[in-house]
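Colleague: the sequence and its predicted three-dimensional model are supplied below.
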Amino acid sequence: MYSLPNAKINIGLRVVRQRPDGYHDLQTVFYPIPLTDSLEVKRANHLRQPYEFILSGLKIPSDGRPNIVERVVMAMREEYNLPPTSIFLSKHIPAGAGLGGGSSDAAAMMLLLRDYYQLDLTDAEIEQRLATFGADCPFFVRNKAVYAEETGNKFTPLTLSLKDYYLVLIKPPIHVSTAEAYAGVVPRQPQTSLYEQILNTPVKLWRNVILNDFESSVFRRYPQIAAIKQTLYDMGAAYASMSGSGSAVYGLFTRPVDNAATIFPDCFTFASKMV
């Protein structure tokens, strides 16, 4: 059984306050995009170990811990005593880009295990378990546009459709650490919620209204990322923004764009009709 875990973009991102626990309260919108990894599970009775994890495609930076997909498998195996399982992950979503690729893989892994082994788990129960792996992991269960608050884990469904737009996504060979991005942000409480702005502002007017608070400090440190955003506007984007804390930047266009790879030859590029 296999799945195609998709990435997401952030539309707007406000850091509104630092919490007593050291985390930050946010306002942002998560929107799914058609860039996907590929994940497959198979029962493997021949294995002597609990599971095997086979990775291909783009590299995933190691932090010394098992991959998040492996951590999901270990947690589910401990709870449900799963039989030996082979897991095959082919990475196409760049890591460390603000696209949620690891979180999406984690959600897909748990959903695959539930369906493959017919576990008695509802979507809501899976969302609850996934929250322990990352604040945005539960988003990928229902995989529809949401307005996210608090640490990015409180979701409100959002009636937003970008299906008439075309996406161009650019990931330069730059890593922006989350800690580094937060260090350059001064939290502030906005007068108008991002939720209201998204609902009441046409996409063609987002440029000066829907902002990502991380851009200011990240662009100062990495002008190459700022240049990508400006180039997308020069190409005719209706709206362009860095996703999350970067370093990926996306543009929304009213027409197909076929030459992104030529314009950004040293970057990961992806172009597609939105869904």
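Modeller: Structure's in. What do you need?
Colleague: run a quick check on residue 173 versus residue 267, I expect a contact.
Modeller: Yes. Residue 173 is within contact range of residue 267, at 7.0 Å (criterion: CB atoms under 8 Å). (C-beta placed from N, C-alpha, C; glycine too.)
Colleague: neighbour count for the two, which is higher?
Modeller: residue 267 (20 against 10; other CB atoms under 10 Å).
Colleague: tell me the contacts of that one?
Modeller: For residue 267, the contact set (CB atoms under 8 Å, 6 or more residues apart in numbering) comprises 170, 171, 172, 173, 228.
Colleague: out of the residues you listed, the closest to residue 261 would be?
Modeller: residue 170 (9.6 Å; CB to CB).
Colleague: report the separation between the closest one and residue 34.
Modeller: 16 Å (CB to CB, to the nearest Å).
Colleague: higher neighbour count, the two?
Modeller: Higher neighbour count among residue 170 and residue 34: residue 170, with 25 against 13, using other CB under 10 Å.
Colleague: what are the phi and psi values at the more buried one?
Modeller: phi -130, psi 130 (degrees, to the nearest 10).
Colleague: distance of it relative to residue 61?
Modeller: Between residue 170 and residue 61 the computed distance is 19 Å (CB to CB).
Colleague: same thing with residue 83?
Modeller: Counting by CB to CB, the gap from residue 83 to residue 61 is 31 Å.
Colleague: quick one, which of those two is more surrounded?
Modeller: Taking residue 83 and residue 61 together and counting by other CB under 10 Å, residue 83 has the greater number of neighbours (13 against 7).
Colleague: surely that one and residue 43 touch.
Modeller: Yes. Shown here, residue 83 and residue 43 form a contact pair, counting by CB under 8 Å, at 5.8 Å.
Colleague: ok so, going back, can you put the contacts of residue 267 in TSV and add distance to residue 217, secondary structure and pLDDT?
Modeller: Listed next are the contacts of residue 267 as TSV, based on distance: CB to CB, whole Å; DSSP: H, G, I helix; E, B strand; the rest coil; pLDDT from 0 to 100:
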residue	distance to residue 217	secondary structure	pLDDT
170	19	strand	98
171	19	strand	98
172	17	coil	97
173	20	coil	95
228	16	helix	98
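Colleague: so which of those comes closest to residue 272?
Modeller: The nearest member of the contacts of residue 267 to residue 272, counting by CB to CB, is residue 170 at 13.0 Å.
Colleague: for the closest one, give me its contacts.
Modeller: Residue 170 makes contact with 228, 232, 248, 249, 250, 251, 260, 264, 267, 268, 269, according to CB under 8 Å, 6+ apart.
Colleague: for the closest residue to the third one other than its chain neighbours, grab phi and psi.
Modeller: By that I understand residue 248. What sits nearest to residue 248 in space, not counting adjacent residues and going by CB to CB, 6 or more residues apart in numbering, is residue 97, at 3.8 Å. With angles defined as degrees, to the nearest 10, residue 97 sits at phi -120, psi -10.
Colleague: residue 140 too?
Modeller: Per degrees, to the nearest 10, the backbone of residue 140 is at phi -80, psi 0.
Colleague: what lies in contact with stretch 79-87?
Modeller: 39-54, 69-70, 73, 76-77, 109, 113, 117, 119.
Colleague: same check, this time on stretch 139-159
Modeller: Residues from elsewhere that reach stretch 139-159 (CB under 8 Å, 6+ apart): 5-6, 8, 19, 23-32, 100, 103-104, 106-108, 111, 123, 126-127, 130-131, 135-136, 138, 160-161, 194-195, 198-199.
Colleague: fine, thanks again, bye for now.
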